[in-house]
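# take a look and give me a structure for this.
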Amino acid sequence: MGTVVLTNFVKTVFGNKRVSICDAAMSSSYATGGDTLSAAMLKLRAVESLNVQSKGGYIFSYDYTNGKLQAYAVGATGAALSEVANATNLASVTGIKVMAIGYGTQ
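Modelled structure (predicted):
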């Protein structure tokens, strides 16, 4: 199971919410269902919204229930996006801009 690596944190406040902005790097062995990206890793107690930049031909989606960052790639011409295959090496996908909005800090 892969885990997202986070660097270059900037923390701020937006109204009554906490905001963590950072760079993410995917793992060398992507796990089906997504690489681990928990609220604690984002220095929050809970994530209410997560915005992730597309990068390297991949589009990302956050699984709020399981704390996973899912990676999708474009399929064949005209096909829908497909989740990246299990054990795919995404380690070269770095510098992904992430902005998490939530509450509480770790």
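# contacts only, for the residue nearest the centre of the chain.
Centrality entry for the chain: nearest residue to the mean C-alpha point is residue 69, 4.0 Å, by Cα atoms, centre = their mean. For residue 69, the contact set (Cβ atoms under 8 Å, 6 or more residues apart in numbering) comprises 4, 24, 26, 34, 35, 36, 37, 52, 60, 61, 62, 63. Every C-beta, even on glycine, is put in place using the N, C-alpha and C of the backbone.
# and the residues you listed, which of them are buried?
Buried subset of the contacts of residue 69 (neighbour count, 16 or more other Cβ atoms under 10 Å): 4, 24, 26, 34, 35, 36, 37, 52, 60, 62.
# which residues touch the last one?
What that stands for is residue 62. 37, 47, 50, 52, 68, 69, 70 are the contacts of residue 62 under Cβ under 8 Å, 6+ apart.
# Provide the secondary structure category for it.
With DSSP: H, G, I helix; E, B strand; the rest coil as the basis, residue 62 sits in strand.
# just the pLDDT for it.
Predicted confidence (pLDDT) for residue 62: 97.
# likewise the one 4 residues further on?
At residue 66 the predicted local distance difference test score is 96.
# who touches residue 103 in this structure?
Here residue 103 is in contact with 16, 17, 18, 44, 45, 46, 48 (Cβ under 8 Å, 6+ apart).
# so where's the protein shaky on pLDDT?
1, 76-78, 106 (pLDDT under 70).
# could you dump the contacts of residue 69 to CSV with distance to residue 81?
Formatted as CSV, the contacts of residue 69 follow (distance: Cβ to Cβ, whole Å):
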residue, distance to residue 81
4, 19
24, 19
26, 16
34, 14
35, 17
36, 21
37, 19
52, 14
60, 11
61, 9
62, 15
63, 15
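# strands of this protein, start to end?
5-14, 17-25, 35-36, 44-52, 58-63, 68-73, 82-83, 96-105 (DSSP state E).
# would you format these as JSON lines with distance to residue 90 included?
JSON lines is the format used below for these (distance: least, Cβ to Cβ, whole Å):
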{"stretch": "strand 5-14", "distance to residue 90": "11"}
{"stretch": "strand 17-25", "distance to residue 90": "9"}
{"stretch": "strand 35-36", "distance to residue 90": "8"}
{"stretch": "strand 44-52", "distance to residue 90": "13"}
{"stretch": "strand 58-63", "distance to residue 90": "7"}
{"stretch": "strand 68-73", "distance to residue 90": "6"}
{"stretch": "strand 82-83", "distance to residue 90": "12"}
{"stretch": "strand 96-105", "distance to residue 90": "10"}
